[in-house]
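> heads up, no residue letters with this:
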């Protein structure tokens, strides 16, 4: 999305330089020009740009996506032929063995969040003290900045829990840590104040796209209340339901006709025309090619094979894929499976082929009908719903392949991107379907609808574009379609990899190219190989999950949207279940990430979260303050 991106100046170039329709091409935004700045309504977006820019960390390296997905049961980044061990970062995320100075997501997420908070505080201070002349727009600007800051604190509330609350960029004293309960009080108070003030726009338009309008603020508060029992021990489903139903029945947003309408590489018109996305992170391949880019695109597909398949000028890097257990959980007739994941052979791009999905379907039919190898198109790689282990290690061997695992197809490929990390897909932070599912879950948990809504009707309103109707009994079921348990290695061998993955044949003691076989052609064995994975359940794996049907629905509808860790924690599976190579930790301490080691070393007021080694011999339970939030805070 280009022009909108530039005019909003959100995620633009960097937090220190803006381009676009306000002619701010060379002005340093980090040092806002305080003299003679008298903004019009159109200037507000540029003024707020630095406070929004950090949201681009969602799809950046070790960003919010990684933090919420790599430690959960949907996404796995295994060792690949071209690496991806990365010092064990992804293995630790999968195993929940991360630590306080881990270079991966726990530390980077903490940094990203406080960068966003500090940016909002800086501008708020300048508006409040009058060094920025904002005229009649002062209250509106302050409310929007307050909402942005609260959303970042909501991220920290969920990820790290016990964090310092900082409300001014001018503060010089080292901040004191607050309890998770106090952070919850602060976030809900701030968001409710913005709602009560009634200043932010309720309209859906180009002017509000990529910014928090009133409905985005209500979505933020709704999500916090939905998870209140996790954060404080006290549920708030009635409050979450009230907000969800207000959004469903009174906002200008509507569910998109098609599931994939929400995950396109948007241009200006399609971005504004989308009816479901309430708050989006606009990525761009023209105005933003530096600070935060759509780096996850680099992890989605194998290097030369992805380039050959999509016709890219540059290569991708390989990396993550789906946990086969999650793929197996989808139900017959649910098109979200094929909308979200690539499965089967992926072909080399040709001038006459643009629809990879239909070609893949035809290929699989041809395989079943026995069409000879020479009649098939050239395979770039094959997405097997099979993964031997996260390391690929088997005795003295290591077996890795680009063919292992289904790859994402939900975020539609940006074929116009000049770099594979510079996609223009606008990532939805909040979309209307979440309000429908929140309302359904809250009613299932005992909250009363003010509109006569029922859980099955709410869920089916979303499902109808992708899957057959579901019943109330299905949603209340305690048996998840996700089969938990630790996976075995399966039947893969080095010989199989050479034959089917590399297209080789054995010639005496050496391997040579087989003229009758092309690489990545697993047609003869893919079914048996995928079926060879077995899962050993233990502990809580077979125990009932309250509202398992609702739990499954959350997983299928919002796969790859940075919500799975939160869902698992709320439904009690994150710390209790085994999946793939992950073994349950048991004490649930990994439901919070550790406080970064450097943060503790720099600030003696910050204690460590339970279950982790403290860098200053202090724990959050001993030093975090729990006083009520002052009325003027």
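Looks like it came in fine. Quantities reported herein were computed from a predicted structural model and do not represent experimental measurements.
> tell me which element the closest residue to residue 404 other than its chain neighbours is part of?
Spatial nearest neighbour of residue 404, excluding adjacent residues (Cβ to Cβ, 6 or more residues apart in numbering): residue 387 at 4.8 Å. Glycine gets a C-beta too; all of them are placed from N, C-alpha and C. Taking DSSP states H and E as the definition, one finds residue 387 inside no helix or strand.
> cool, and residue 195?
Per DSSP H and E, residue 195 falls inside helix 180-197.
> which residues are contacting the next helix or strand after that helix?
The C-terminal neighbour of helix 180-197 among helices and strands, as given by DSSP H and E, is helix 214-226. Contact with helix 214-226 is made by 147, 150-151, 154, 157, 184, 187-188, 191-192, 194-195, 198, 200-202, 204, 212, 231, 236-237, 239-240, 243-244, 246-247, 251-253, 278-279, 429-430, 434-435, 438, 441-442, 570, as judged by Cβ atoms under 8 Å, 6 or more residues apart in numbering.
> over to residue 608: give its phi and psi.
Main-chain dihedrals, residue 608, degrees, to the nearest 10: phi -90, psi 150.
> give me the neighbour count for it.
When neighbours are counted by other Cβ atoms under 10 Å, residue 608 registers 25.
> for it, give me its contacts.
Applying Cβ under 8 Å, 6+ apart to residue 608 gives the contacts 100, 594, 595, 600, 614, 615, 616, 618, 619, 620.
> inside helices: which ones of those residues?
The helices, defined by DSSP state H, take in 600, 620 from the contacts of residue 608.
> can you list the contacts of residue 608 in TSV and add pLDDT and neighbour count?
Shown next, in TSV, are the contacts of residue 608 (pLDDT from 0 to 100; neighbours: other Cβ atoms under 10 Å):
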residue	pLDDT	neighbour count
100	93	21
594	98	26
595	97	29
600	96	23
614	97	18
615	97	19
616	97	18
618	98	18
619	98	17
620	98	23
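> tabulate the contacts of residue 608 (JSON lines), appending distance to residue 562.
Output for the contacts of residue 608, formatted as JSON lines (distance: Cβ to Cβ, whole Å):
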{"residue": "100", "distance to residue 562": "23"}
{"residue": "594", "distance to residue 562": "20"}
{"residue": "595", "distance to residue 562": "21"}
{"residue": "600", "distance to residue 562": "26"}
{"residue": "614", "distance to residue 562": "29"}
{"residue": "615", "distance to residue 562": "28"}
{"residue": "616", "distance to residue 562": "31"}
{"residue": "618", "distance to residue 562": "31"}
{"residue": "619", "distance to residue 562": "29"}
{"residue": "620", "distance to residue 562": "25"}
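> surely residue 324 touches residue 533?
Yes - the pair residue 324 / residue 533 is scored as a contact, 6.2 Å apart, by Cβ atoms under 8 Å.
> which residues do these two both contact?
386, 387, 487.
> and the gap between the last one and residue 73?
Distance from residue 487 to residue 73, counting by Cβ to Cβ, to the nearest Å: 12 Å.
> among the two, which residue is more densely surrounded?
Neighbours per residue, other Cβ under 10 Å: of residue 487 and residue 73, the larger number sits with residue 73, 25 against 22.
> ok, the more buried one - contacts?
Taking Cβ under 8 Å, 6+ apart, we find residue 73 in contact with 323, 325, 326, 482, 484, 564, 568, 573, 577, 579, 580, 582.
> from those, which land in strands?
Among the contacts of residue 73, the members falling in strands (DSSP state E) are 579, 580.
> pLDDT wise, what is residue 367 at?
For residue 367, the pLDDT comes out at 48.
> and for the residue lying closest to residue 69 once chain neighbours are set aside, the neighbour number?
Closest residue to residue 69 apart from its sequence neighbours, by Cβ to Cβ, 6+ apart: residue 75 at 4.2 Å. Counted with other Cβ under 10 Å, the neighbours of residue 75 add up to 27.
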